[in-house]
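**Student:** Show me how the following folds:
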Amino acid sequence: MPTLEWIGKEKVVNHHLEVPYRILEGQYTYNAEKSENMIIRGDNLEALKALLPRYEGKVKCIYIDPPYNTGNEGWVYNDNVNDPRIKKWLGEVVGKEGEDLSRHDKWLCMIYPRLKLLQRLLAEDGAIFISIDDAEQANLRLICDEIFGANKFAGVLIWQKRTSPDARKKLSNGHEYIVAYAKNGDIDSTFNLLDIEGKDAEKFKNPDNDPRGPWVSSDFTAQGWRPNQMYEITTPSGMKMTPPEGRCWRHLEEVYNTLLSEGRLWFGSDGCGVPRKKTYLHEKEGKGVWTWWPNSEVGHTQEATQEVAAILGKAVFDYPKPIRLLTRIFKIASDPDSIVLDSFAGSGTTAHAVLNMNKADGGHRKFILVEMMDYAESITAERVKRVIDGYGEGKNAVAGTGGDFTFYDLGHVLLLPNGNLNEDVGAEKIREYVYFMETKSSIEPDKTDEPYYMGVHLDSAYYFFYERDSLTTLSRDFLGNIKTKAGRYTIYADQCTLSQSELERWHITFKKIPRDISKL
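**Tutor:** Numbering: from 1, shown residues only. Prediction:
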């Protein structure tokens, strides 16, 4: 398989493993006491790492709209990897050679480790959609082939972003790309059919008042000559008819008779036409997805700018994505209970689309947004608040969707550079991390009668015997307080006074804090 090489690649190809694990600190919850929806303010590389203990392999749909690397530095959302934050990161990770990188090298260094973490968060039946333009589309395809697998490529969607050509240009760009990969490579099991609505639904008519409802018809003839499909039929008007020259009937005569008896054939309003087979609207499960997405169906950049202005009172964000565009993606690639992740959240269109869909169909989709820029609260979270509550006045008023979210900042590093636990993190977050590293599962609810219990996984029970201000010892006294029955036990403590034979007899694996805590 062809691979892409660039200056600095060797420094970032495994950088996601070196990213420090930080805890997420909830700042407030909006419109509820507790929420599973998340808006995270902070570097998305560290935020994605922080999500792993709870969400690895659980995100059904990922949509990201990363910087396009156009060189345009005038936007609120800086679309240039010369952004000071990215330059600082490149300096720390890539080193001095980063000063000599081209714009494309810098962009690849930035996006590669983020895609590596996104791949880990994606569910086995999940899909990722990445907006991009011509500047990096070819490079993006190659690194996605490397990270997700070339056989997992689902397609490139062409979005018509403009409504008319730019009259100032001889060759005007009117589209962008959305590159899609399915985690397991099985498009049929990953994607949903779209609902038949709008112009597609209008094609279904009912001129004969069929009690089964609207229908469309298809040709009952087929090209070629087959002896058992050349029978004579009688139309409702009494005409005798054989297939047109060079064609035969599409089905055998017994199938024809069954369709006729069921009223599933249409001979025209006068009953004299060549038969056509009816397909009813209620029988159609949906329609497949074409890779060409015109703005008449999914919106355009001007529409998206107007949407943000209607919510926040002015156009505070240039070139956001339209709600209709993301709604289509989430209809294709999520279910009513799915988790949807956007780690370049921008103005918050992803949350807006998810909330709209939940209101429309009663679903319980959850969204996770990550935004590193200063406007994470003033624009991203503020938009989501107004969508939840409703916005606009008079005839322009839009009813609220309902819903909620918790706003997070990136907090302390869990493991210090010397390998010790950062005790400022708190026991709850440490336990959650340790259990995930052992089982790749979320920690179980606390047990009041077993305060150090974390959970049972594959018939093995896990305990984290830790106190911030005192030394803990795995001893016979501690074992006397264990109430959970399991085939094996993994117990963390500062020290152990049990002999090796005792550990083996009781099927216990002792792990020393912090030495035996694995790094994510």
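**Student:** Against Asp200, how distant is Ala283?
**Tutor:** You called it Ala, but residue 283 is Glu. Distance, Glu283 to Asp200, using Cβ to Cβ, to the nearest Å: 14 Å. Where C-beta positions appear, they are placed from N, C-alpha and C, glycine not excepted.
**Student:** For those two, indicate the residue with more neighbours.
**Tutor:** Taking neighbours as other Cβ atoms under 10 Å, Glu283 and Asp200 compare with Asp200 leading, 15 against 10.
**Student:** tell me the pLDDT at that one?
**Tutor:** Note on Asp200: pLDDT of 88.
**Student:** which non-adjacent residue is nearest it?
**Tutor:** Distances taken as Cβ to Cβ, 6 or more residues apart in numbering place Lys287 nearest to Asp200, at 6.4 Å, with adjacent residues excluded.
**Student:** what sits against that neighbour?
**Tutor:** Residues near Lys287 by Cβ atoms under 8 Å, 6 or more residues apart in numbering: 193-194, 196, 200.
**Student:** before we move on, what about Asp449?
**Tutor:** Residues in contact with Asp449, defined by Cβ under 8 Å, 6+ apart, are Lys483.
**Student:** Over to the one 5 residues further on?
**Tutor:** For Met454, the contacting residues are 431, 434-435, 443-444, 462-464, by Cβ under 8 Å, 6+ apart.
**Student:** now swap in Ile128 and tell me
**Tutor:** Contacts for Ile128 were tallied using Cβ under 8 Å, 6+ apart; they are 61-64, 118-119, 122, 148, 180-181, 183.
**Student:** So the nearest residue to Asn184 once chain neighbours are set aside, which state does it fall into?
**Tutor:** Nearest residue to Asn184, sequence neighbours excluded (Cβ to Cβ, 6+ apart): Glu124, at 5.3 Å. At Glu124 the chain is in strand, as set by DSSP: H, G, I helix; E, B strand; the rest coil.
**Student:** Mind checking which of the contacts of Lys287 are in helices?
**Tutor:** Asp200 (DSSP state H).
**Student:** In a markdown table: the contacts of Lys287, plus distance to Glu253.
**Tutor:** Compiled in a markdown table, the contacts of Lys287 are given as follows (distance: Cβ to Cβ, whole Å):
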| residue | distance to Glu253 |
| --- | --- |
| Leu193 | 33 |
| Leu194 | 37 |
| Ile196 | 32 |
| Asp200 | 33 |
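**Student:** Nearest to Thr350 among the contacts of Lys287?
**Tutor:** Using Cβ to Cβ, Leu194 comes nearest to Thr350 of the contacts of Lys287, at 18.8 Å.
**Student:** any idea how far that closest one is from Val413?
**Tutor:** Applying Cβ to Cβ, the value for Leu194 to Val413 is 44 Å.
**Student:** and Asn14, how far is that from Leu312?
**Tutor:** 40 Å.
**Student:** Could you do Ser378 as well?
**Tutor:** 9 Å.
**Student:** Quick check on these two: which one has the bigger neighbour count.
**Tutor:** In terms of neighbours (other Cβ under 10 Å), Leu312 is the more surrounded of Ser378 and Leu312; the figures are 17 against 12.
**Student:** and the closest residue to that one other than its chain neighbours, how far is that from Gly348?
**Tutor:** Nearest non-adjacent residue to Leu312, counting by Cβ to Cβ, 6+ apart: Arg383, 6.2 Å away. Distance of Arg383 to Gly348, given as Cβ to Cβ: 4 Å.
**Student:** And for Ile311?
**Tutor:** Note on Ile311: its distance to Gly348, by Cβ to Cβ, is 9 Å.
**Student:** Overlap of the contact sets of those two?
**Tutor:** Common contacts of Ile311 and Gly348 (Cβ under 8 Å, 6+ apart): 383, 387.
**Student:** These two: which is more packed in?
**Tutor:** Each of Ile311 and Gly348 has its neighbours counted (other Cβ under 10 Å); Gly348 has more, 30 against 21.
**Student:** what's the closest residue to Asn31 other than its chain neighbours in contact with, if anything?
**Tutor:** Sequence neighbours aside, Asp404 is the residue nearest to Asn31 in space, at 4.2 Å (criterion: Cβ to Cβ, 6+ apart). Listed by Cβ under 8 Å, 6+ apart, the contact partners of Asp404 are 29-32, 35, 37, 388.
**Student:** do that again at 6 Å, thanks
**Tutor:** 30-32, 35 (Cβ atoms under 6 Å, 6 or more residues apart in numbering).
**Student:** One more: Asp459?
**Tutor:** When contacts are counted by Cβ under 6 Å, 6+ apart, Asp459 touches 486-487.
**Student:** average pLDDT for whichever strand or helix holds Ser296?
**Tutor:** In this structure, Ser296 is located in helix 295-298 according to DSSP states H and E. Computed over helix 295-298, the mean pLDDT rounds to 95.
**Student:** what comes up buried for that helix?
**Tutor:** The neighbour-count check on helix 295-298 (16 or more other Cβ atoms under 10 Å) flags 295, 297-298 as buried.
**Student:** swap in stretch 122-141?
**Tutor:** Quick answer for stretch 122-141 (16+ other Cβ under 10 Å): 122-123, 125-132, 135-136, 139-141.
**Student:** Export it to PDB, keeping only CA atoms.
**Tutor:** Extracted in PDB, the C-alpha atoms of stretch 122-141 (Å, rounded to 0.1, in the frame of the first residue of the first chain):
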ATOM      1  CA  LEU A 122     -14.600   4.900  16.900                       C
ATOM      2  CA  ALA A 123     -16.900   2.000  17.500                       C
ATOM      3  CA  GLU A 124     -16.500  -1.100  15.400                       C
ATOM      4  CA  ASP A 125     -19.700  -0.300  13.500                       C
ATOM      5  CA  GLY A 126     -18.900   3.400  13.400                       C
ATOM      6  CA  ALA A 127     -17.700   5.800  10.700                       C
ATOM      7  CA  ILE A 128     -15.700   9.000  10.500                       C
ATOM      8  CA  PHE A 129     -16.400  11.900   8.100                       C
ATOM      9  CA  ILE A 130     -13.800  14.600   7.500                       C
ATOM     10  CA  SER A 131     -14.500  17.900   5.700                       C
ATOM     11  CA  ILE A 132     -11.600  19.100   3.600                       C
ATOM     12  CA  ASP A 133     -10.900  21.000   0.300                       C
ATOM     13  CA  ASP A 134      -8.300  20.600  -2.500                       C
ATOM     14  CA  ALA A 135      -5.400  21.900  -0.400                       C
ATOM     15  CA  GLU A 136      -5.000  18.700   1.600                       C
ATOM     16  CA  GLN A 137      -7.600  16.200   0.300                       C
ATOM     17  CA  ALA A 138      -5.000  14.000  -1.500                       C
ATOM     18  CA  ASN A 139      -2.700  13.900   1.600                       C
ATOM     19  CA  LEU A 140      -5.700  13.200   3.900                       C
ATOM     20  CA  ARG A 141      -6.700  10.200   1.800                       C
END
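**Student:** what distance separates that stretch from the centre of its chain?
**Tutor:** Its chain's C-alpha centre and that of stretch 122-141 lie 11 Å apart, by Cα atoms, centre = their mean, to the nearest Å.
**Student:** Could you number the chain from 18 rather than 1 from now on?
**Tutor:** Shifting the count to begin at 18 puts that one at stretch 139-158.
**Student:** Please, where are all the strands along the stretch 318-467 of the chain?
**Tutor:** 356-359, 383-388, 407-408, 415-416, 422-430 (DSSP state E, counting those that start in this stretch).
**Student:** Tell me who's in contact with Glu249.
**Tutor:** Glu249 is in contact with 257, 259, counting by Cβ under 6 Å, 6+ apart.
**Student:** What distance do you get for it to Met256?
**Tutor:** 10 Å.
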